[in-house]
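*Asks:* Next comes the sequence, and after it the predicted model I'd like to discuss.
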Amino acid sequence: MLRDEGPRRRAHWAIAAVLTCCATTSAWGQAPAPTPAPQPAATVSHEPTVEERLRALEETNKALIEQNRQLSGQLGRMSEQYGKVNQQLQSLSRELDGSVVRARQDPSVQPPRSDRSDEGGAGARDNPAEPSGGGGGPAQSLDVRGGDGTFQPPRSDRSDEGGAGARDNPAESSRTTPFKGPGKIPLKVNFGPGIEFETDNGEYQFQIHNQTQVEGRFYNQSAQSPGAGGFDVPRERFIIAGRLSKPIEYDASLESAYGTVNLLNAFVNWHYDDRLMVKFGRFKVPYLYEYYAISNTDLLQPERSLFGANFGLNRGVGAQIWGQLFKKSVDYAVGIFDGPRNQQLDFNAGKDVIAYFDARPFQENAALPALKYFNIGGSADFGSQNNAVYPTALRTSVSGTNNPGAFSAAPSFFQWNNNVIESGERAMWSLHTAYYYKQLSVIGEWQGAFADYALTNVVGAKNVRVPLNGFYVAAGYFLTGETVNRRSQVRPNKPFDLRKKSFGLGAWELQGRYSLLTMGDEVFTGGLADPNIWTNRVQSFDLGLNWYMNEYLKIYLDWQHSEFGAPVLYAPGKLQSSSDLFWVRGQIYF
């Protein structure tokens, strides 16, 4: 009997251990039972039998199993409640998405518009400006939610002031799905003008723009050489712009012009407040209204005036403070720049100080609505130079450049001798006025300067100071009813379309200009140029039509008649006193 009792007792203890483990597992997550108070030692010990211990363990196990069943029931009820809450959240999310879509399809609900532009002064493509008027015309937004791109209904992205909208209002935003990936930020994709990627909160923006110009030049003198005319690409620009948070704007652009590729813009602009901004890098300097305030794509004529095209400073490397004051009725800019005219390198330690001012004194005067968009102002530049002359040849119809294709695109009326450099002081100034009323644009500017030149191969020669003077007045009038408040992107009331339901012929603008340039006789008496084949006085007359097929496509039709103060060389051994150019230029900008 004693031998049988050992195995039986060990089996009972094993069963008890298993049941204890099960009970412990079932009771996991429950509060521990209170520790029993210590009992006084019994005077008489009584060890329970195995059967008593097993019965006690069985009772404990039954109690734990019941607790586990109750906990399982509570967990099931909680899971059911969670499912109901999740269904309610999904329903609310679907209702919210539907409300957003309906709001975006409602034309009366318009999101805020960006005031970025990509060049020039206030109202042009480099600088923000007050939104200008616009006629009709869609700007499209692309929704890429879930990778399924669909175009939204066309919507206007301009203010309602008139037919000619400014370029400083990109297209409206649409909802999109964020690009997947760790650390990436949700983006919205828009078109019009350009392709724009922007974060949902508007902090970050990346824009891509393109400008293409293709032209044909046909002269009355068919035997001109080298300026024979023909077909050319005067400008091809690839523009990347945007912002790296709302205060920090940037622009990085390349240009191909007459066969040469150059850096166009490379700048950063701190835009914390419209009244005071800071820009540094390479950009358009604030000299001349027709250069700083008007983009080349928005000109009345294909190119700028005689003085502006040949002596305008165009772009430079430097820094400026600028902004708009008094409800954006005043534009100002003051900066310090390297000095060489539209070149990539600086050749001396001297820098130029350049300043610009433009005011609309009657903008807020309700008693004089016809003068609301009357502008008056001026600009000035002063510095010291020591660099090669640029451009080496002056022309009536090409923006100042030494690119090889420019020599074949247009004949010259003046060329500097090969041994001439700019050396010494240079001062330039201008006064301008501009008037915009309904369909009418009228712009006038007087330009003046003196510049010091030197001969590199004459020992001990003194600098030659040359006075320069220019003047132009230009006008344009929309025959199809579009209105303007500055020279900016035009949106035709009826874009060109031959389909019956949306038939339109675009916008048509009649334009004309008179331009004059004179240089002092010192250019000849000082040995800077040959008086036998060149002139120091020229005037030109432009007359033509501008056809805006839509807001992105423009065609210039221009006749330019130029008269020279003395006969100039147009081919080997041949001189002419005047020149006539029939000019066709097609332009795309988006």
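*Replies:* Cool, the structure landed.
*Asks:* Which is the succeeding secondary structure element to the worst-scoring helix or strand of the chain on mean pLDDT?
*Replies:* Every helix and strand of the chain was ranked by mean pLDDT, DSSP states H and E. The lowest is strand 150-151, at a mean of 38. Per DSSP states H and E, the first helix or strand lying C-terminal to strand 150-151 is strand 187-191.
*Asks:* strands paired with the helix or strand that that next one is followed by, and their directions?
*Replies:* Going down the chain from strand 187-191, the next helix or strand is strand 195-199, by DSSP H and E. Here strand 195-199 has these sheet partners by DSSP bridges: strand 187-191 (antiparallel), strand 204-219 (antiparallel).
*Asks:* right, so those: which one is the most enclosed?
*Replies:* Highest mean neighbour count of those: strand 187-191, a mean of 20 (counted as mean count of other Cβ atoms under 10 Å). Yep, even glycine has a C-beta here, placed from its N, CA and C like the rest.
*Asks:* What average pLDDT does that strand get?
*Replies:* In this model, strand 187-191 has a mean pLDDT of 91.
*Asks:* same thing with stretch 91-98?
*Replies:* On average, stretch 91-98 scores 67.
*Asks:* how distant is stretch 184-202 from the center of its chain?
*Replies:* From the chain centre to the centre of stretch 184-202 is a distance of 12 Å (Cα atoms, centre = their mean, to the nearest Å).
*Asks:* Same question for stretch 381-389.
*Replies:* 31 Å.
*Asks:* can you check stretch 524-538 too?
*Replies:* 43 Å.
*Asks:* Alpha carbons of whichever helix or strand Val523 is part of, as CSV, please.
*Replies:* Using DSSP H and E, Val523 sits in helix 522-525. This file holds the C-alpha atoms of helix 522-525, laid out as CSV (Å, rounded to 0.1, in the frame of the first residue of the first chain):
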residue,chain,number,x,y,z
GLU,A,522,31.8,112.7,-79.2
VAL,A,523,31.3,109.1,-80.5
PHE,A,524,32.9,110.2,-83.7
THR,A,525,35.2,113.1,-82.6
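*Asks:* Going by contacts, tell me the helices and strands next to that helix.
*Replies:* If contacts are counted by 3 or more Cβ pairs under 8 Å, 6 or more residues apart in numbering; DSSP states H and E, helix 522-525 sits against strand 464-478.
*Asks:* next structured bit after the strand it packs on?
*Replies:* Past strand 464-478, the next helix or strand by DSSP H and E is strand 507-519.
*Asks:* Listing partners with orientation, what would you give for that next one?
*Replies:* Applying DSSP bridges, one finds strand 507-519 paired with strand 464-478 (antiparallel), strand 537-548 (antiparallel).
*Asks:* mean confidence score for the longest one?
*Replies:* It refers to strand 464-478. 98.
*Asks:* With the shortest one instead?
*Replies:* Rounded to a whole number, the mean pLDDT of strand 537-548 is 98.
*Asks:* Give me the contact list for it.
*Replies:* 300-301, 306, 396, 413-414, 474, 476, 482, 490, 492, 506-519, 554-566, 583 (Cβ atoms under 8 Å, 6 or more residues apart in numbering).
*Asks:* what is the orientation angle of the very next helix or strand once past it with strand 507-519?
*Replies:* Remark: after strand 537-548, the chain's next helix or strand is strand 553-571, criterion DSSP H and E. Using axes from the mean of the first three to the mean of the last three Cα atoms, to 10 degrees, one finds that strand 553-571 and strand 507-519 are set 30 degrees apart in direction.
*Asks:* list the helices and strands strand 553-571 packs on?
*Replies:* Looks like strand 553-571 contacts strand 412-415, strand 537-548, strand 574-589 (3+ Cβ pairs under 8 Å, 6+ apart).
*Asks:* swap the cut-off to 6 Å and go again
*Replies:* Packing partners of strand 553-571 (3 or more Cβ pairs under 6 Å, 6 or more residues apart in numbering; DSSP states H and E): strand 537-548, strand 574-589.
*Asks:* Tell me the buried residues in that strand?
*Replies:* 553-554, 556, 558, 560, 562, 564-566, 568-571 (16 or more other Cβ atoms under 10 Å).
*Asks:* any idea which of the residues you listed is closest to Trp446?
*Replies:* Gly565 (19.0 Å; Cβ to Cβ).
*Asks:* Bridge partners for the closest residue to the closest one other than its chain neighbours, pull those for me.
*Replies:* Using Cβ to Cβ, 6 or more residues apart in numbering and skipping residues adjacent in sequence, the residue nearest Gly565 is Arg537, 3.1 Å away. With DSSP bridges as the criterion, Arg537 is bridged to Thr518.
*Asks:* Check the gap between Arg537 and Leu569 for me.
*Replies:* Here the criterion is Cβ to Cβ, to the nearest Å. By it, Arg537 lies 16 Å from Leu569.
*Asks:* give me the number of residues near Asp521?
*Replies:* Other residues within reach of Asp521, judged by other Cβ atoms under 10 Å, total 13.
*Asks:* cool, Val464 as well?
*Replies:* Neighbour tally, Val464, other Cβ under 10 Å: 20.
*Asks:* give the contact list for it.
*Replies:* Tyr453, Glu522, Gly526 (Cβ atoms under 6 Å, 6 or more residues apart in numbering).
*Asks:* follow-up on the earlier one: JSON lines for the helices and strands packed on strand 553-571, including mean neighbour count?
*Replies:* Putting the helices and strands packed on strand 553-571 into JSON lines (neighbours: other Cβ atoms under 10 Å) gives the following:
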{"stretch": "strand 537-548", "mean neighbour count": "20"}
{"stretch": "strand 574-589", "mean neighbour count": "18"}
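*Asks:* Could you save these as TSV and add columns showing distance to Lys284?
*Replies:* Compiled in TSV, the helices and strands packed on strand 553-571 are given as follows (distance: least, Cβ to Cβ, whole Å):
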stretch	distance to Lys284
strand 537-548	22
strand 574-589	16
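*Asks:* so which of those strands gets nearest Asn296?
*Replies:* Closest among those, using Cβ to Cβ: strand 574-589, at 9.0 Å.
*Asks:* Which of the helices or strands spans Asn262?
*Replies:* According to DSSP H and E, Asn262 maps onto strand 260-273.
*Asks:* now what about that strand, what contacts it?
*Replies:* 247, 249-255, 277-279, 281-283, 403.
*Asks:* hmm, which of those are the buried ones?
*Replies:* Glu249, Tyr250, Asp251, Ala252, Ser253, Glu255, Met277, Lys279, Arg282, Phe283, Asn403.
*Asks:* By pLDDT, give me the weakest of the residues you listed.
*Replies:* Within the buried ones among the contacts of strand 260-273, pLDDT is lowest for Asn403, at 84.
*Asks:* Surely that one is in contact with Tyr258?
*Replies:* Yes: with contact defined as Cβ atoms under 6 Å, Asn403 counts as touching Tyr258 (3.9 Å).
*Asks:* Please name the spatially closest residue to Ile431 (chain neighbours excluded).
*Replies:* One thing to correct before we go on: residue 431 is Leu, not Ile. Using Cβ to Cβ, 6+ apart, the closest residue to Leu431 is Gly378 (4.5 Å).
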